[in-house]
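Undergrad: Structural data only, the sequence is not supplied:
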């Protein structure tokens, strides 16, 4: 009798909110994001992901500009609004924000749930001119144990590093939530998925990890963003999306987060994380590499 | 003046030979593979990749069966034939073979060139019942410095581990050659690339590394193989293929291997390998992990 299969286990409804923030209009963006969270909750979502820097916009021309809109966590007005929305709608919210801490700025994400703030993630791999405004993340790859399951967070360029998925999965994450602001890639073909989506699919598949990315759309100071928000299952296949390239859109997927753990086993011999040949990886991927050349 | 751009640098023509070996018919398979190498050379190829275990077939029912067709390297008759073909046609050949060494069996690849044998790769990540017949690879992830450029080798399930691409790229490889025997994946969609192809694209893109995979086709003892041989450029996009799922086929791509090194730089701030946060990866991806739980 299929007893185990009848148990609900860790079923969640994930919503990714693809939105178009207005640069510098924090109050407007936060108000709109709170409305979108309410809409996602009304659609039954239990985990809601919003884009990178969705309260401020992305393209800063100076550190002053970034500093002016950055907020302390979790006490700034944006964080307070998101925490209140998470509490009111009884959802987990993962949303990108410009964080200020001791005059250091981070490209960060706030994680909040029905019981209040859960944690902070700070983008570890900074892209382009972000290096002029933000500090590289210094919190590692935290995995947050929530009532819904184990969540990790990555932001945009973090996905270009397979280590990001590995660090999340090896610490037990079931779901990687990805606030992002993807920009166009060279040589992108219309007949193939966006490279950012391909990286998600590969990372999900080779780690048996759900991945949910909320991108932004629109153009900001001549910088275009590509949309294509996507939720992939733990086998690496799309569960919802990709969203379109131009419009605001909510994508929603129902998944059983427990599958991430169970499906790491392929057959009698293979379990994707235990098959790693750490005996062969150490020298180059571990500390030895700090002295490497490349 | 664009002086550098006019230099041929490291231009090579890569051919992947998708073939259908006949189980156990070593002499026939080797003779046919030598003919295919000649055809690839006649088409101007300078690097030729053949499938995993292409001289023997893949599905062994016992260790005895595997042992009976395995050969010592580089002195067995298959290796001698491939080495002679590489010498005669002045190409680099990378081909999958069952290797016997001190009564140990390896799922291996022979690398040979115009000057003779270059090296051996032994599959590090064994799939399924391979664990009953073969030893896990014990040669690490060697990078072979050839006249054509720096080549690394991976076999099939090795691609499921992003560490394989990383180990190759961090040691300077320009091209990862992949003899493979891909089997069908669950939930594969007709509208999306094969998951094996997606893993190649992601690995190539996030390491700026060319990847050339030669798969087999056909059915062997009820085990189907999926074809879809593919050559991807160092940005992760297809340069040739994917080949079809059912027929023997040669795919050919002209690439400049020097691009792998140059294009690791994205912009003034980012170089894909140097951006790695080894300070954050060490604990989980290095030696610490041997004592981890997952």
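TA: Structure received. Bear in mind the structure is a predicted one, so any value in this text is a computation, not a measurement.
Undergrad: Check whether residue A:185 really touches residue A:193, as I assumed.
TA: No - counting by Cβ atoms under 8 Å, residue A:185 stays clear of residue A:193, with 11.1 Å between them. Glycine gets a C-beta too; all of them are placed from N, C-alpha and C.
Undergrad: check contacts around the residue positioned nearest the centre of chain A.
TA: Compute the mean C-alpha point of chain A, and by Cα atoms, centre = their mean the closest residue is residue A:178, 1.2 Å away. Counting by Cβ atoms under 8 Å, 6 or more residues apart in numbering or on different chains, residue A:178 touches A:49, A:153-156, A:158-159, A:200, A:211-214.
Undergrad: try 6 Å this time
TA: By Cβ atoms under 6 Å, 6 or more residues apart in numbering or on different chains, the contact list for residue A:178 reads A:154, A:213.
Undergrad: all helices for chain A, in order.
TA: A:3-6, A:26-42, A:63-69, A:77-89, A:130-133, A:162-170, A:195-205, A:258-262, A:278-285 (DSSP state H).
Undergrad: and these as CSV, adding distance to chain B and mean pLDDT?
TA: Formatted as CSV, those follow (distance: least, Cβ to the nearest Cβ, whole Å; pLDDT from 0 to 100):
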stretch, distance to chain B, mean pLDDT
helix A:3-6, 17, 52
helix A:26-42, 26, 98
helix A:63-69, 15, 97
helix A:77-89, 24, 98
helix A:130-133, 5, 96
helix A:162-170, 3, 94
helix A:195-205, 3, 98
helix A:258-262, 9, 94
helix A:278-285, 5, 70
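Undergrad: To residue B:99, which of those lies closest?
TA: Nearest to residue B:99 among these is helix A:278-285; the distance by Cβ to Cβ comes to 17.7 Å.
Undergrad: State the number of residues packed around residue A:271.
TA: 14 (other Cβ atoms under 10 Å in any protein chain shown).
Undergrad: show me where pLDDT drops low in chain A?
TA: Scanning chain A for pLDDT under 70 picks out the ranges A:1-8, A:282-294.
Undergrad: now the strands for it?
TA: A:11-18, A:47-49, A:92-101, A:104-113, A:116-122, A:143-146, A:149-153, A:175-179, A:210-214, A:219-220, A:223-224, A:230-232, A:238-240, A:249-256 (DSSP state E).
Undergrad: Could I get these in JSON lines, plus columns for distance to residue A:58?
TA: Listed next are the strands of chain A as JSON lines, based on distance: least, Cβ to Cβ, whole Å:
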{"stretch": "strand A:11-18", "distance to residue A:58": "14"}
{"stretch": "strand A:47-49", "distance to residue A:58": "17"}
{"stretch": "strand A:92-101", "distance to residue A:58": "9"}
{"stretch": "strand A:104-113", "distance to residue A:58": "9"}
{"stretch": "strand A:116-122", "distance to residue A:58": "16"}
{"stretch": "strand A:143-146", "distance to residue A:58": "25"}
{"stretch": "strand A:149-153", "distance to residue A:58": "17"}
{"stretch": "strand A:175-179", "distance to residue A:58": "11"}
{"stretch": "strand A:210-214", "distance to residue A:58": "14"}
{"stretch": "strand A:219-220", "distance to residue A:58": "6"}
{"stretch": "strand A:223-224", "distance to residue A:58": "7"}
{"stretch": "strand A:230-232", "distance to residue A:58": "19"}
{"stretch": "strand A:238-240", "distance to residue A:58": "24"}
{"stretch": "strand A:249-256", "distance to residue A:58": "18"}
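Undergrad: Out of those strands, the one nearest residue B:265 is which?
TA: With Cβ to Cβ as the measure, strand A:223-224 is the member of these nearest residue B:265 (19.8 Å).
Undergrad: what's in contact with that closest one?
TA: Under the criterion Cβ under 6 Å, 6+ apart, residues A:59, A:184 lie in contact with strand A:223-224.
Undergrad: Check the offset of it from the chain's centre.
TA: Strand A:223-224 has its C-alpha centroid displaced from the chain centroid by 20 Å (Cα atoms, centre = their mean, to the nearest Å).
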